[in-house]
Structures are given as C-alpha cells and as structure tokens.
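In: no letters, just coordinates:
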C-alpha cells in the first residue's frame, strides 16, 4: 500500500509539472530524477487514475456542453452553439462554416436551401468555392407577392459565390389560392425540382415565428388576419412557409393549403439543419425539435440553454 501510494504521489507530481507548471517531459525527468520514458509513463498513469481533471476555461467549452445536451435531449444528429456575446454574427458564421464544409466535399451531393434572415447573413460570409460536382436546390419559391424576386431567398446570392449548379423554384412562396398552388406544383419541371430536394444529403432552413413581427407578414406573404388565424389554430413557427404547432405538427388548412414550397426533406435520409436564435424564436425552435422537423440545429448559447430547460 505504501509503495502504491508512493507511485500515485510520483504520478501526481509528474502530472502537476506537466499540466500546471508547463514542463516538458525532459524537464520533468530532470526534476524528478527519472528517465524521460518514466516521466511519460507517470503522466499517463495520472490520467488513467483520474488524478488529472482538465477544465477548459473558455466560452466555447460551455457552448460544447450545451450542444451535447441538446443532441442527447432531442436526438439531434448535428448541433453547434455560438457564444451569446454576439449571437447574430456567431450563428451566421457557424452556418457559413457548415455550408462551406459540405460544399468542399469531393463526393457529389445535393444541398437543399431554405430562406430567411439568418441564412442570408450566413451566405454573405462565404468565400468563393469551386464545387461544380454539387447541386443546390431551393426549397422555397423565389417570387414575392408583387412579382419581384423574394428578398430573403438566398439561392441567387449563393449561386454567385459557388460553382455548384443551382436550381431555383420559380414559384411564389405562398400561392393566392389552393387551386393555383396545385396547378404550379403539378408542372413536370416543378415536380422534378421538388423530387430533387427530397433526395438532398443536407438541407439548411431558417425557423420563423408566426406571432408579432412574423417574417411571413413582414415580407408580405400573409396578411394580419391570415396570421391571426394561424395563431388561433395553435401555430408557433414556420419553416419555408409551412406553419406548425407546439408539437411540430403542420397546421391543417389555412395558409398551409397554399404553400408552394417543397416539403421539408425527410429527416430519415436528409440532415435538416435549422438555423435560428433569440428568445422570441424559442417556441418555434422547440416545436420543430418536438416534431422532428429538423435533425440538426445551429443557435446561440442563451437560446440553447432555454431549449435544454424547456
């Protein structure tokens, strides 16, 4: 027992010299009067015995803990958390980095892209990327209610930065009527694009609110009475125009009957990454998580902590 205690004491001393004093293995060997190999073995023994406790004192350590917690709680395949000191910029940069990582893959793939302010900010952070082997397809229409290009549709901006082939959906985000939506979605060229989006390896989508200052109303796609009807029906959020309730179930009827966007890709085969942040987005993000509408999430630490506690 005495001998064992002495060995642990030596291991603890070697570990302190290594991790606290910052000594090299040669310096540890000289101080302790042992060989370099013995010094290395003592440090390894300290780790194995649990003597060494490593603490990383940086905001990203907290972010990684939140990400791990969210992955465990919600069964996410992917999660990244930005520090909360500059959430908008941090989330946009993380989304941009993730998009870039996918586009730099050598194997050809299809990426589906949604719309929204967070995605638009992320695209602005991307460098030029040469990736002609890939395809990028829009999940949403690119036509605003007045017939102009929808401002927050990001595919056109993205296509200026990357050499992947891009496939826009030449549709309104929300059609004037269900019959018009059915007519445009039944066109063979549109059906091919919707099929392509369903086969994407990865999709990036924004998560919008449906309450006060909802993007669908601010951008002119829905009127206030139409938005009020969604709220009365229990809607808490929307993804590419599809409104859903607190359980992540699509709200039946109402504006969902007129959404011309492609369906959210199947999470069984597509990694669907939602990007959103802010306390006002928490109910919408939580609903998307509960319903399994997304299988990945990029947000900030404050929002992530709220999603862990609720």
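Out: That came in fine, so what should we check first? The structure displayed is predicted, hence computed values, not measured ones.
In: now for the protein, the helix or strand with the poorest mean pLDDT.
Out: helix 2-19 (a mean of 77; mean pLDDT, DSSP states H and E).
In: chain center to that helix, what's the gap?
Out: 44 Å (Cα atoms, centre = their mean, to the nearest Å).
In: got it, and stretch 244-254?
Out: For stretch 244-254, the distance to the chain centre is 22 Å (Cα atoms, centre = their mean).
In: before we move on, the earlier item: who's in contact with the least confident helix or strand of the chain?
Out: 23, 25, 27-28, 31-32, 39, 42-43, 45-47, 49, 51-52, 54 (Cβ atoms under 8 Å, 6 or more residues apart in numbering). Every C-beta, even on glycine, is put in place using the N, C-alpha and C of the backbone.
In: which parts of that helix are buried?
Out: By 16 or more other Cβ atoms under 10 Å, the buried positions in helix 2-19 come out as 10, 11, 12, 13, 14, 15, 16, 17, 18.
In: kindly write the PyMOL command that selects the buried subset of the contacts of helix 2-19.
Out: In PyMOL, this line selects whichever of these come out buried by 16+ other Cβ under 10 Å:
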select buried, resi 23+25+28+32+39+42+43+45+46+51+52
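In: which ones among the contacts of helix 2-19 lie within helices?
Out: Judged by DSSP state H, helices contain the following of the contacts of helix 2-19: 25, 27, 28, 31, 32, 39, 42, 43, 45, 46, 47.
In: between the residues you listed, which is nearest residue 101?
Out: Closest approach between those and residue 101, by Cβ to Cβ: residue 47, at 31.2 Å.
In: measure that closest one to residue 279 for me?
Out: 41 Å (Cβ to Cβ, to the nearest Å).
In: let me see the ranges of the strands in the chain.
Out: Using DSSP state E, the strands of the chain run over 78-82, 110-113, 135-143, 165-172, 202-206, 208-209, 235-239, 242-245, 271-275, 296-300.
In: who does the fifth one touch, helix- and strand-wise?
Out: Yep, that's strand 202-206 we're talking about. helix 87-103, strand 110-113, helix 117-123, strand 271-275 (3 or more Cβ pairs under 8 Å, 6 or more residues apart in numbering; DSSP states H and E).
In: model confidence over stretch 46-66, on average?
Out: Stretch 46-66 carries an average pLDDT of 78.
In: got the end-to-end distance for that stretch?
Out: One end of stretch 46-66 to the other measures 28 Å (Cα to Cα, to the nearest Å).
In: so for stretch 232-244, what's the average pLDDT?
Out: Stretch 232-244 comes out at a mean pLDDT of 95.
In: quote the end-to-end distance of that stretch.
Out: Terminal residues of stretch 232-244 are spaced 12 Å apart (Cα to Cα).
In: now that stretch: buried residues?
Out: 233, 235, 236, 237, 238, 239, 240, 241, 242, 243, 244.
In: can I get those residues in CSV with distance to residue 179?
Out: Putting the buried residues of stretch 232-244 into CSV (distance: Cβ to Cβ, whole Å) gives the following:
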residue, distance to residue 179
233, 21
235, 23
236, 28
237, 27
238, 22
239, 24
240, 21
241, 18
242, 19
243, 20
244, 24
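In: so where's this protein uncertain?
Out: Across the chain, the ranges flagged by pLDDT under 70 are 1-6, 54-60, 144-152, 310.
In: cutoff 50 now
Out: Along the chain, the model assigns pLDDT under 50 to residues 1-2.
In: returning to that earlier point: among the helices and strands packed on strand 202-206, which comes closest to residue 305?
Out: Of the helices and strands packed on strand 202-206, nearest to residue 305 by Cβ to Cβ is helix 87-103, at 12.0 Å.
In: from the chain's centre, how far out does the closest one sit?
Out: Taking Cα atoms, centre = their mean, one finds the center of helix 87-103 at 8 Å from the center of the full chain.
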